[in-house]
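Asks: Could you look at this predicted model? Sequence included:
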Amino acid sequence: MREKEHQQTSQYGLTASSARAHTSQPKRRRLSQPVSSSLQKRRSISRIRSGSVLEDDGEREQLSTSEGEALGDALGRHRPPPRSPSFYSSTAYAAGSSGRNGRGESGSTSSSDASSSDRHVFDWDAKRAAVRERTRERQRMSFDERQSSARARRLNLTLPSRYAPGEGEETVTGLASVISRGRDATPPYGTPASADAANAASSSTARRQAARPKRRLSVNPVIETALIVGAGAAMCHELGTTGIPRVQSHVTELAWICSSTLLYLAMRGAGACGFIWSTDHRNYRQCGDDGALSGLLMGPLLAAAALLAAIRETAGLANAPNGSPLPYPNWQIEGPLSLVQHARPTPDSLHQLVLSRCSLVSLQTLTSTILLLHLLGTRWIRRPADFPQSNWRRLGSFVVFEILVTGFVELVRELAARSGISFWTDLARWEVFTAALFYQSNLYCISRLARKSFTLGELSIVAAIGVTLVMETLALTVAKVMPFATPFVKAFRSPTPLVVFQSALVVGSFMIGFLLSPLLYLSRHLAQKPVHRLRWPHKRDLHRRLLAGFFYLFAALYIVGVLGLWTRWILGRRDPWVWVLHFLIKGKHPWSRPLLVAYWLALVAASVLSWQAIVVSAKRFRVVRNPTVTSVTATAATATATASGSLHENAASAAHNADVPIAPSSANTRATAAGVVRSLGGLGAIGNAAANTETGGVTLKRAATLSLNARRKFFHALAVMLFVPGIAADPAFMHLAFSLAFSAFIFAEYIRYYALYPFGATLHVFLAEFTDHKDSGPVILSHFYLLTGCAGPLWIEGSSQITQQIGVLVLGVGDALASIVGRRYGRVYWPGSSKTVEGSVAFVGSILCSTLLLRMLGWVQPFSIPRLGVVLALLGALEGTSSQNDNLILPVYGFVTLTLLNV
């Protein structure tokens, strides 16, 4: 043995035992108190100067230049030419002040992320020429290489094999590739490598690129682009033929954004992704398509469809002998509020709605133009990999770009107005500044706080909806503050009390979260922090109760005080609470709305209780005995159940005491099963048989439960039973109920995510049962998307009953049956997608049958079946080709196409 070790030493210059010592060092004990970043930096510099390197797992390691070269030869790497004793490890110092264990594992956004380790070379010790060389080398990299970490690029590096030089390739991994090499075969500190090494690296890269399979032309993006851009072209034609000069001027805005989007998609190429300024891929949910097409065009198309619907309603009611002040007379609600008071003649409510929706088209094209400027800026001005790693520097860069973009769009508006071109002229200057700043702030804040929860398209749609609600709330407030200076109320819907209450509920809920964010942050921080790291561990539960109590108290004060007083002021000194009680009994009959509320409560309670019973039964394990083994006594079976029950009681009590949201997963299930087996191990023969399942004695089998797809579609069916009768019977009451439900969902997400006592853990466990890969971020959005998709056509005040029902039919009936049929019977897949053609056929057929059933029941007015068939065919094609969230995209596109074809 000693002779073999001596031979290895003489051959490689390094013994196997010393190599093991370099690769596996005992970990140091982690300090209980954090170390300041300046102290870490001073320690790191001193270790580098003394030849010491801090590796990824926090190990201290001494490695000389000769030993590193020898170990590299031992792993199959050619020895580089002699160089100065310098060391480089990008991941060694990637953690920074907020990293953990030297790997940068942190919940916050900082320079500790994996992709930020490219630049952690100590430039203050290197020469300027070396720094410039590394900068030029980085510019030569592809975008994908710059997005990946330096460690990943080094580990994927292929070098010629030492057994057959020049003929084969061998992937080099291990300590030598981490310590002794720079990125992409460049030695540390920019020292140029030998010509042989450079040629080998370039030849291996060329061989890898040649070995990659050629990408086929993706059909789905082409179909999706044709569907959405085609709808935009048809909308431009419809608005251009209305004969109203004020409306025709907005065709230019819509045509501009459609053509610009098409040109941008053609120039960026297939497979490319867009980004908001100062963000990167870590801020978005992973998806095959970034959704830039939907984000750029869905908002303007929706606004144009709402404008077209208002124009048709105005033309239809112009000749009525007794015209109603509401565009939809079947709504049991009072007329629009009289907020404007001056002697000048004002247009009637329907013409005010047309003028307001002209402003809505300008607002949506403005936000889409801003998004397009961000996409162009991150592609041609500064790529995402080139942004600074510091969060504060990123924020500063975003603020500067935000101000420049806002100034640019205001300059374009002024130049267009001076040239006589109607381009965003329906928006006042303060509206342009407010909308531009708030929209960009929404984009950045949501992408940073709810990272990996949205694609780019979903993020832009959500931000645009938020800006629209805020601008509508400001329009109501400005009309009340300055009634003599405002020609009409620029609300994008009829300014009824329903719009006032929706602004108070939805916008007010987000304001509560913003104002009480310190309490929410402390609650989550206290719930996540280990007990042994707290200053007063025994007071942890008390502090959590106090934080939750103060949040509930301040939220109640804000609702009763600020929101209640604002609503009372807008309603003309009418008490909002009394108004709601009167509204509850002012339906078609005094008992119709209370009966509808009782129906909802009974259905929701029965669904939640039955689902809770399913969840509890699914978490139980039953013992299955093999008949070949000797019989088991009833006493042992009882003891087994007792042990299993005690284990679940202990786990439940621990979760209750900690009250930290822990999502149920397969890992937890396996751990529970292992715990049951260990408990059975102390019960004699039965425990031994259960613990050793390979012998076939006793096995643990989980009770049957529904799949994730069935669980999610269960609530889609619940939405149909809840919403379809309500929309058909009383759409005005459903409008208010949807707003209240959305506000309740916002508060529920506050409680769940920030672990507010005592409902945080319970809500998290319940909602986690319905999450899929699209809920990969910290925020659970499935129920928000479902409610928004069902309520959206009603909130926009669709002109026909079938338009108001389209969201519920698309999501509750079509999407649910498409998923079930596609998974069970699907054989033919859409190109490059997991969706099947059979599922799309079921999607179209189920919605068509549902609308015919509603027509037979008298819940929708008569409609043209061929036109509806065309709309459903377009919806089915978009459902099969789009990779965005169906709950958000399909109802919007359905509303647009139904309005275009006037179904």
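Replies: Ah, there it is.
Asks: what separates His582 from Trp331, distance-wise?
Replies: Computed as C-beta to C-beta, to the nearest Å, the His582 to Trp331 distance reads 16 Å. (Each C-beta comes from the backbone N, C-alpha and C, glycine too.)
Asks: just Val405 next, same as before
Replies: Val405 sits at a distance of 40 Å from Trp331 (criterion: C-beta to C-beta).
Asks: for the residue nearest to Leu534 when sequence neighbours are not counted, what are its contacts?
Replies: Leaving aside its chain neighbours, Leu534 sits nearest to Arg540 (5.9 Å; criterion: C-beta to C-beta, 6 or more residues apart in numbering). Contacts for Arg540 (C-beta atoms under 8 Å, 6 or more residues apart in numbering) come out as Leu526, Val531, Leu534.
Asks: Could you verify my assumption that Leu756 touches Phe551?
Replies: Yes: using C-beta atoms under 8 Å, Leu756 is in contact with Phe551, at 6.2 Å.
Asks: quick one: common contacting residues for those two?
Replies: Both Leu756 and Phe551 are contacted by Leu520, Ser523, Tyr750, under the criterion C-beta under 8 Å, 6+ apart.
Asks: Narrow the residues you listed to those in helices?
Replies: If you go by DSSP state H, these have Leu520, Ser523, Tyr750 in helices.
Asks: and the first one, what is it in contact with?
Replies: Each residue near Leu520 by C-beta under 8 Å, 6+ apart is listed here: Gly513, Phe551, Tyr750, Tyr754, Leu756.
Asks: For this protein, which element, helix or strand, carries the lowest mean pLDDT?
Replies: With mean pLDDT, DSSP states H and E as the measure, the helix or strand of the chain carrying the lowest mean pLDDT is helix 175-179 (a mean of 34).
Asks: quick one on the thing from earlier: out of the contacts of Arg540, which end up buried?
Replies: Burial by neighbour count, 16 or more other C-beta atoms under 10 Å: within the contacts of Arg540 this picks out Leu526.
Asks: need the contacts of Arg540 in CSV with pLDDT, distance to Tyr264 and secondary structure, can you?
Replies: Output for those, formatted as CSV (pLDDT from 0 to 100; distance: C-beta to C-beta, whole Å; DSSP: H, G, I helix; E, B strand; the rest coil):
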residue, pLDDT, distance to Tyr264, secondary structure
Leu526, 88, 46, helix
Val531, 80, 52, helix
Leu534, 80, 51, coil
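Asks: Make TSV from the contacts of Arg540 and add distance to Phe784 to it.
Replies: Listed next are the contacts of Arg540 as TSV, based on distance: C-beta to C-beta, whole Å:
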residue	distance to Phe784
Leu526	26
Val531	33
Leu534	33
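Asks: of the contacts of Arg540, closest to Met856?
Replies: Taking C-beta to C-beta as the measure, Met856 lies nearest Leu526 of the contacts of Arg540, at 57.1 Å.
Asks: Could you check how far the closest one is from Ile727?
Replies: Taking C-beta to C-beta, one finds Leu526 at 43 Å from Ile727.
Asks: Leu718 now?
Replies: Leu718 is 15 Å from Ile727, where distance means C-beta to C-beta.
Asks: So these two - more neighbours on which side?
Replies: Ile727 (26 against 18; other C-beta atoms under 10 Å).
Asks: The more buried one reaches Gln805, doesn't it?
Replies: Yes: between Ile727 and Gln805 there is a contact at 5.7 Å, judged by C-beta under 8 Å.
Asks: quick one on the thing from earlier: make TSV out of the shared contacts of Leu756 and Phe551 and add pLDDT.
Replies: Converted to TSV, the shared contacts of Leu756 and Phe551 look like this (pLDDT from 0 to 100):
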residue	pLDDT
Leu520	92
Ser523	91
Tyr750	94
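Asks: Just send those residues back as CSV, with distance to Gly826 too.
Replies: CSV is the format used below for these (distance: C-beta to C-beta, whole Å):
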residue, distance to Gly826
Leu520, 43
Ser523, 45
Tyr750, 39
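Asks: Looking at those, which is nearest Gly789?
Replies: Among the shared contacts of Leu756 and Phe551, and counting by C-beta to C-beta, the member closest to Gly789 is Tyr750, at 22.0 Å.
Asks: Can you tell me the closest non-neighbouring residue to the closest one?
Replies: Leaving aside its sequence neighbours, Tyr750 sits nearest to Gly513 (C-beta to C-beta, 6+ apart; 5.9 Å).
Asks: again with Phe408
Replies: Per C-beta to C-beta, 6+ apart, closest to Phe408 is Leu373, 7.2 Å.
Asks: quick one: buried residues of the strand or helix carrying that neighbour?
Replies: Using DSSP states H and E, the element containing Leu373 is helix 349-376. Neighbour-count burial for helix 349-376 flags 349-350, 352-375 (criterion: 16+ other C-beta under 10 Å).
Asks: and if you look at stretch 446-462?
Replies: In stretch 446-462, counting by 16+ other C-beta under 10 Å, buried: 446-448, 450-462.
Asks: what's downstream of the strand or helix carrying the residue nearest to Leu534, the next helix or strand?
Replies: According to DSSP H and E, Arg540 maps onto helix 540-558. Where DSSP H and E defines the elements, the next helix or strand beyond helix 540-558 is helix 564-570.
Asks: other SSEs contacting that next one?
Replies: helix 456-481, helix 497-502, helix 576-584 (3 or more C-beta pairs under 8 Å, 6 or more residues apart in numbering; DSSP states H and E).
Asks: again, only using 10 Å
Replies: For helix 564-570, the packing partners by 3 or more C-beta pairs under 10 Å, 6 or more residues apart in numbering; DSSP states H and E come out as helix 456-481, helix 497-502, helix 508-515, helix 576-584.
Asks: Can you check the pLDDT for the closest residue to Gly508 other than its chain neighbours?
Replies: Distances taken as C-beta to C-beta, 6+ apart place Leu563 nearest to Gly508, at 4.5 Å, with adjacent residues excluded. According to the prediction, Leu563 has pLDDT 93.
Asks: Now do the strands in the chain.
Replies: With DSSP state E, the ranges of strands along the chain come out as 52-54, 60-62, 158-160, 169-171, 621-625, 698-702.
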